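# Kindly generate the corresponding structure for this input.
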Amino acid sequence: MDKGVKVYLGSDHAGFEVKEKLKKFLDSKKINYEDLGALSYEKKDDYPNFAFKVGEKVVKDKARGILICGSGAGMTIAANKVRGVRAVAAYDEYSARMSREHNDTNVLGLRGRNFSFEKIKKIVSVWLNTNYSGVKRHTRRIRKISSYEKK
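Residues are numbered from 1 along each chain as shown. Got it, this is the predicted structure:
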């Protein structure tokens, strides 16, 4: 990954602990990130608030985002409501890699519960270090999605 690309992080209460560990991992890899919250553990917070905030910054800054909630699904669904976001909930290295190569995803959704941090580190590494392939058929499909999104 281009070290100049910023990564925006977001989590709700269910992903807070994993996000804090992930920050240390990103520091060790010298990856530029900004934590957009939750900045403290709040049991009753709502994941859409963080997903929207990260999604908007990712689109505005042409950056990437990583979101963590209990299952990874809620954050991903919410982020995909932001025009220009292509978010994926990845549970293995293959889905992370293919989402970047074929779909040029810009937001990664992760599980904060019942998932090993070792697996998370591998998924994040693959996702951050995989480039979009630029293959014509994939570009055509992404354009169709973007066009539909503008309706």
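
# The most centrally placed residue in the chain: helix or strand, and which one exactly?
By C-alpha atoms, centre = their mean, the mean C-alpha position of the chain lies nearest to Leu108, the distance being 2.3 Å. Applying DSSP states H and E as the criterion places Leu108 in strand 107-111.

# Please report the distance of the residue nearest to the centre of the chain from Ile31.
13 Å (C-beta to C-beta, to the nearest Å). C-betas here are computed from N, CA, C, even on glycine.

# so where's this structure shaky on pLDDT?
Scanning the chain with the threshold set as pLDDT under 70 gives 1-3.

# residues contacting Ile66?
Residues in contact with Ile66, defined by C-beta atoms under 8 Å, 6 or more residues apart in numbering, are Val7, Tyr8, Leu9, Gly10, Leu22, Val54, Val107, Leu108, Leu110, Val124.

# I'd guessed the third one sits against Arg64; true?
No - here Leu9 does not reach Arg64: they are 10.0 Å apart, not a contact under C-beta atoms under 8 Å.

# Tell me which stretches of the chain form strands.
For the chain, the strands defined by DSSP state E occupy 7-11, 33-35, 64-69, 87-89, 107-111.

# Check which helices and strands the last one sits against.
On a contact count with 3 or more C-beta pairs under 8 Å, 6 or more residues apart in numbering; DSSP states H and E, strand 107-111 meets helix 47-61, strand 64-69, helix 73-79, strand 87-89, helix 117-129.

# so how far is stretch 26-33 from its chain's centroid?
15 Å (C-alpha atoms, centre = their mean, to the nearest Å).

# nope, stretch 105-113 is what I meant
Centre-to-centre, stretch 105-113 and its host chain are 5 Å apart (C-alpha atoms, centre = their mean).

# All set, thanks.
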